[in-house]
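Engineer: Whatever this is, show me its structure:
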Amino acid sequence: MEPLKSKSVVTNISYAVLEKTLYSVSTLILVPIAVKQLGMDVYGIWVLYCSLAAFFLLAQFGLSTSFERFIAAYRASNDHEKLMRVVATSFYSLCVIAIVIFAVSALCAEHVISWFAGTQVSRYQELLFIWFMGINAVMLVNQIFMAVPRGYLRYDISSFIGIAARLVETGLSIAFLLTGSGLAAFIWGLGASCVISTCAGFWVTSRTLGKWPIAPRMFSGSMLLELYRFGIYTQASFFAMWASANMDKLIISRLFGSYYVGLYDIGTRIPLLVRNTFSLIFAVLVPRASELFATGARNTLQRIYRHGSRYLAILSSAAAALLIPTAGSILELWLRKPADRLEIFVFQAIMVGVAVQLTAGIGSSVIRGVNKPYFETIANTGMALVNVVFSLSLCLLYGMNGVAWGTVLSLVAGTIFFEVLVNRELQVDQSSFFLTDIAVPFLWSLACTVAGVFVFPLLCSRFFMDVSPVMALAASVCVYGAALCGLTAVFYRVIGYVSLGEIIGVFRKKIL
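Structural biologist: Numbering: from 1, shown residues only. Alright, predicted model coming up:
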């Protein structure tokens, strides 16, 4: 047994950021190749596979969310026996859950896929889904092995394993796609990734805890109940997040077919990449918020929340002002083909929702730090319900576009509701928060977006005529982005960042 020495918080965050960044970059590389080789219909089937798999995996009922907490706690108290019991109990419990998930998904595969796809799928596609679920079942069991180095605060180890597995997955998927393997290319890539991460995770766990860390005699029913008591509270939040991320795709698949699922998925990719990138900014605040809460420094906590939310609103709204007018060009540069109108519309609509949702990032970190995570659960559950109702209703009225707007409205409504809860908990004035910290950045970015819708096409048509179309588009996006950043910086410098009420007051006094 070789105990792992913990790494610093900064080191762990750096490795986590590196892993997430690589995952995002590899996805941006893989998707255009997949669309070109498979066609939009078959790519939409793959998106449907992923959405359905995520639903089946909810059957763990939040068990995996408790692993790192209990491993870290028993490691800190040097209770090696309970540490072993956590790993063994979790392993055998996950094995049972994985077998059940695989069996149910295999039995339901034909009917579930055909129903959501809106057409009868082939036996080959059905078998691929069953293989896909088998791999996901093994990866579910592997979560306990990957949680061990994280519980020891060694994210460098888990991130290195994740990066290696992702590189192999991406490389093999691309290789098999280029050789005409179709959807099986993803299965080969994911299968190889599963083998690497599972073997490496088990090896690290064995070296850390002992030669055989999953001895059956270490299984404990009382430990399983304790793990579930902690994890079950996150289940509602997980289901809500699944609904927000996948329900719109399932609705589209059922009503319009897999082709439009592919278009919709491509339209959401870059806005979601922006959301994941920004989430790295506020993830580091949870330990700091916990420390301030423990020492009773409520004023400092309020100041961090207000200032952080304000600057996050500035950044997220500026990102929307940059990406919404340039959506068509960015998609064309990424996919190397003219973007479909639906892809552009979904990109622009989802970017609005993501920009608003990101403003709750600081509040999310702070509320976890003060040990009130159920606020997120309440808000996410409400957001999921609104998403389902609005997406279905607007879909019946406005077709495909209505699904996107339903998702956007749910993101906006859920974010506002969550921020109201956080403001009440931290005793922050509601009107001051929304009018000063949120309204000013978004109104400025709205003005920039409207101007950009007219200016950017002019920029593309009048300049960079002597270079290739790809270079012209890239140069136009860069010039527009630089101009937007400069104007935004000047705007906030001039107004000194005051509230919306003060701006209206000055306008009335000086101009009217």
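
Engineer: From now on I want contacts and neighbour counts done on CA atoms only, so please keep to that.
Structural biologist: OK.

Engineer: Any stretches of the stretch 151-300 of the chain with poor pLDDT?
Structural biologist: Counting by pLDDT under 70, the stretch 151-300 of the chain shows low-confidence ranges at 233-234, 236-237, 280-295.

Engineer: Show residues contacting stretch 418-428.
Structural biologist: Stretch 418-428 is touched from outside by 298, 302, 360, 363, 367, 375-376, 379, 429-430, with contacts defined as Cα atoms under 8 Å, 6 or more residues apart in numbering.

Engineer: try stretch 120-129
Structural biologist: Under Cα under 8 Å, 6+ apart, the answer for stretch 120-129 is 49, 109-110, 113-114, 183-184, 187.

Engineer: okay, it in CSV with CA atoms only?
Structural biologist: Output in CSV follows, covering the C-alpha atoms of stretch 120-129 (Å, rounded to 0.1, in the frame of the first residue of the first chain):
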residue,chain,number,x,y,z
GLN,A,120,-38.3,1.8,-37.0
VAL,A,121,-34.5,1.5,-36.4
SER,A,122,-32.5,-1.3,-37.9
ARG,A,123,-31.4,-4.4,-35.9
TYR,A,124,-27.8,-3.2,-36.3
GLN,A,125,-28.6,0.2,-34.7
GLU,A,126,-30.4,-1.6,-31.9
LEU,A,127,-27.4,-3.8,-31.2
LEU,A,128,-25.1,-0.8,-31.2
PHE,A,129,-27.2,0.8,-28.6
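
Engineer: Report the buried residues of that stretch.
Structural biologist: 121, 125-126, 128-129 (16 or more other Cα atoms under 10 Å).

Engineer: likewise stretch 95-108?
Structural biologist: Applying a neighbour-count criterion of 16+ other Cα under 10 Å, one finds 95, 97-98, 101-102, 105-106 buried in stretch 95-108.

Engineer: List the buried residues for stretch 196-211?
Structural biologist: Buried residues in stretch 196-211, counted by 16+ other Cα under 10 Å: 196-198, 200-202, 204-206, 208-209.

Engineer: of all the contacts of stretch 120-129, which comes closest to T449?
Structural biologist: Y49 (35.6 Å; Cα to Cα).

Engineer: Not counting residues beside it along the chain, what's closest to the closest one?
Structural biologist: Spatially, and ignoring its direct neighbours in sequence, Y49 is nearest to F129 (6.6 Å; Cα to Cα, 6 or more residues apart in numbering).

Engineer: I'd like to know how far the one you found sits from T381.
Structural biologist: For F129, the distance to T381 equals 29 Å [Cα to Cα, to the nearest Å].

Engineer: repeat for F56
Structural biologist: Applying Cα to Cα to F56 and T381 gives a distance of 18 Å.

Engineer: ok, those two, which is more surrounded?
Structural biologist: Ranked by neighbour count (other Cα atoms under 10 Å), F56 and T381 place T381 first, with 21 against 18.

Engineer: Surely the more buried one and A240 touch.
Structural biologist: Yes. Using Cα atoms under 8 Å, T381 makes contact with A240 at a distance of 5.0 Å.

Engineer: so what sits against both of those two?
Structural biologist: Taking Cα under 8 Å, 6+ apart as the contact criterion, no residue touches both T381 and A240.

Engineer: Show me the domain layout of the chain.
Structural biologist: Domain assignment for the chain by automatic domain parsing gives 9-219, 254-510.

Engineer: quick one on the thing from earlier: show me what counts as buried in the helix or strand containing the residue nearest to Y49.
Structural biologist: Using DSSP states H and E, F129 falls within helix 123-151. Buried positions in helix 123-151, judged by neighbour count with 16+ other Cα under 10 Å: 125-126, 128-151.

Engineer: mind checking how far that helix is from the chain centre?
Structural biologist: On the basis of Cα atoms, centre = their mean, to the nearest Å, helix 123-151 sits 19 Å off its chain's mean C-alpha point.

Engineer: which helices and strands sit right next to the helix or strand harbouring N387?
Structural biologist: For N387, the enclosing helix or strand under DSSP H and E is helix 374-398. Here helix 374-398 touches helix 235-256, helix 400-426, going by 3 or more Cα pairs under 8 Å, 6 or more residues apart in numbering; DSSP states H and E.
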